[in-house]
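Participant: let me see the structure of the following:
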Amino acid sequence: MNRTPYSKSEQTSRPVPELVALLALLLSLCQATSLLPQALPGKDPQEKPGTPGEEPGETPSIERSSITVRSIKGTATIFLDEDTLSFSSADNAGGAIRVGPDSHEVEDLLFLGFTPPDIAKKPMPGENAEVVLGNGDHFWATPIGIEPVKEDDFLVLNSKIITQEVRQRDGQVRLNMEDLRLLLFRNAFTDEIEWARFRAGLLRTRPKNDVAHLSAGTRLTGFLEDMGPDSISFSADGVGQVKLSTAKVRALDLAELKEKEEPERIGKPSGPQVGVFLRDGGSLRGKLEDLGQEGLSLRHALLGSIFLPLESLAQVSFLGGRCQYLSDMDPAKAREHLGSLFLAKLPFKRDSNVLGNPLRMKGKTWPKGLGVHAYSRLDYDLAAKFQKFQATIGLDDSARPPSRGPAGENTGAVIFRVFLDGKLISEKPMRFTDPPQELDLRIVGGRTLSLEVDFGGKNLSAALDRANWCGARIIK
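Facilitator: Predicted coordinates:
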């Protein structure tokens, strides 16, 4: 996640008056002589100039957004100015996106990465709950009530990011309760690790009845009756109807309401398919309807047509074109174990590390990819339709041992191997101290692609062998 799902109080110390005065004097001198450097969006201030789109001698502005375009033909980064971003649709799944002077066919695009100006990098206004949908999509919002509409019940939420095309009030999003899977409340968790583990545990299986998980560690089983901004009405088995303070509820784990064979009311969107990753950690998938300077319009299977402002976007991945992400595919075969001494295994995760947390390596987060633990081997059917396999490999940041003593010498070490039709085409031993490495492998004519992560280190230990295939994709 890009935003931590819990609150922290900031600690401040009282500055020394003499030091404040000295700093103020130095600051005024620097401003007067233009010595203060201005950082490029998303760049280290110590980097040398030369960002794509920057004119020679131009002083980069911190008030401008930039966009990185990654396609099968290469990568480019430019600043976003007026009328530099637009989308032209086509009758089929195609279309083109213009970024600056260049036009890119949608089927050739891998992703667009958005870097907002510094003023927009401040934490976005917080919502109090993560809303997880039945199809796996999720976003942050504040539940304010349940409203009946004919034979259905709709959850009404406040959202500062999502705007529905069909809405009754600005800032409100309506979601059919049948499409709601889980609500997790931000302030009930002390840290992000606790939140991620609790969330992953609830999503493994769906309950037969609604479950209210309380911050005290207890839970109530029954039926969700109603809810407001500050309270939840819950009919608990053996207790009856109770009123719960939202501040004391960790999560609402909701039972299945509709029959599995019932088709989606809106239906699967057709046309250019994208995965939209938001700066606050949310993720939504659907048909791209429009993209411009103001934001992105998406046709979502459960929310209908929605609009997302440009400053809320972190990355837009393009699905179903010449690029296909392995995290959107089912492996034909998976072999996973923790060694001959262990019966347990840690199954691979899609678009997260093996613990269910965001894919992070050396402080950078990837929205797409596979998280695994040694030993792991995943086989994928190619049907001889693809030209290249690309990925960024390395140990997840969670693989760093707590100390660098003797135990640390044999932990967080793996061997990445890639096989094409059983033949080894790449092998790279890596440790948690190594920087991520790019893979760009030719797989023309191949029918089976195998991704293996084996034990590494001196003693072939499995401890902290949490490996990532970030952005793992095959390209036609």
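Participant: give the contact list for Arg360.
Facilitator: Neighbour list for Arg360: 353, 366, 396-398 [criterion: Cβ atoms under 8 Å, 6 or more residues apart in numbering]. Placement of C-beta: from N, CA and C, glycine included.
Participant: so which of those is the closest to Leu180?
Facilitator: Set against Leu180, the nearest of the contacts of Arg360 by Cβ to Cβ is Asn353 (26.1 Å).
Participant: for the closest residue to that closest one other than its chain neighbours, helix, strand, or coil?
Facilitator: Distance criterion Cβ to Cβ, 6 or more residues apart in numbering; nearest residue to Asn353, sequence neighbours excluded, is Gly371 at 3.7 Å. Put simply, Gly371 is strand when judged by DSSP: H, G, I helix; E, B strand; the rest coil.
Participant: buried set for the lengthiest strand in the chain?
Facilitator: Identified as the longest strand of the chain according to DSSP state E is strand 138-149. For strand 138-149, burial by neighbour count (16 or more other Cβ atoms under 10 Å) applies to 138-144, 146.
Participant: cool, stretch 227-247 as well?
Facilitator: Neighbour count says stretch 227-247 has 227, 232, 234-236, 244, 246 buried, by 16+ other Cβ under 10 Å.
Participant: what is the rounded mean pLDDT of it?
Facilitator: What stretch 227-247 shows for mean pLDDT is 91.
Participant: same question for stretch 114-125.
Facilitator: For stretch 114-125, the per-residue pLDDT averages 60.
Participant: thinking again about what came up before, tabulate the buried residues of stretch 227-247 (a markdown table), appending distance to Lys287 and secondary structure.
Facilitator: Shown next, in a markdown table, are the buried residues of stretch 227-247 (distance: Cβ to Cβ, whole Å; DSSP: H, G, I helix; E, B strand; the rest coil):
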| residue | distance to Lys287 | secondary structure |
| --- | --- | --- |
| Met227 | 31 | strand |
| Ile232 | 34 | strand |
| Phe234 | 37 | strand |
| Ser235 | 38 | strand |
| Ala236 | 41 | strand |
| Leu244 | 38 | strand |
| Thr246 | 34 | helix |
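Participant: between the residues you listed, which is nearest Ala96?
Facilitator: When the buried residues of stretch 227-247 are compared against Ala96 (criterion: Cβ to Cβ), the nearest one is Met227, at 44.2 Å.
Participant: show me what contacts the closest one?
Facilitator: 143, 145-146, 155, 233, 246.
Participant: pretty sure Lys345 sits against Leu338.
Facilitator: Yes: here Lys345 reaches Leu338: they are 6.0 Å apart, a contact under Cβ atoms under 8 Å.
Participant: scan the contacts of Arg360 and report the most crowded one.
Facilitator: Asn353 (28 neighbours; other Cβ atoms under 10 Å).
Participant: ok, now how distant is it from Arg64?
Facilitator: 33 Å (Cβ to Cβ, to the nearest Å).
Participant: again with Asp170
Facilitator: Asp170 is 28 Å from Arg64, by Cβ to Cβ.
Participant: neighbour count winner among the two?
Facilitator: Neighbours per residue (other Cβ under 10 Å) separate Asp170 from Arg64, with Arg64 holding more: 16 against 6.
Participant: pipe the contacts of Arg360 into JSON lines and attach secondary structure, distance to Gln387 and pLDDT per row.
Facilitator: Output for the contacts of Arg360, formatted as JSON lines (DSSP: H, G, I helix; E, B strand; the rest coil; distance: Cβ to Cβ, whole Å; pLDDT from 0 to 100):
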{"residue": "Asn353", "secondary structure": "coil", "distance to Gln387": "28", "pLDDT": "91"}
{"residue": "Trp366", "secondary structure": "strand", "distance to Gln387": "22", "pLDDT": "87"}
{"residue": "Asp396", "secondary structure": "coil", "distance to Gln387": "29", "pLDDT": "94"}
{"residue": "Asp397", "secondary structure": "helix", "distance to Gln387": "32", "pLDDT": "91"}
{"residue": "Ser398", "secondary structure": "helix", "distance to Gln387": "33", "pLDDT": "88"}
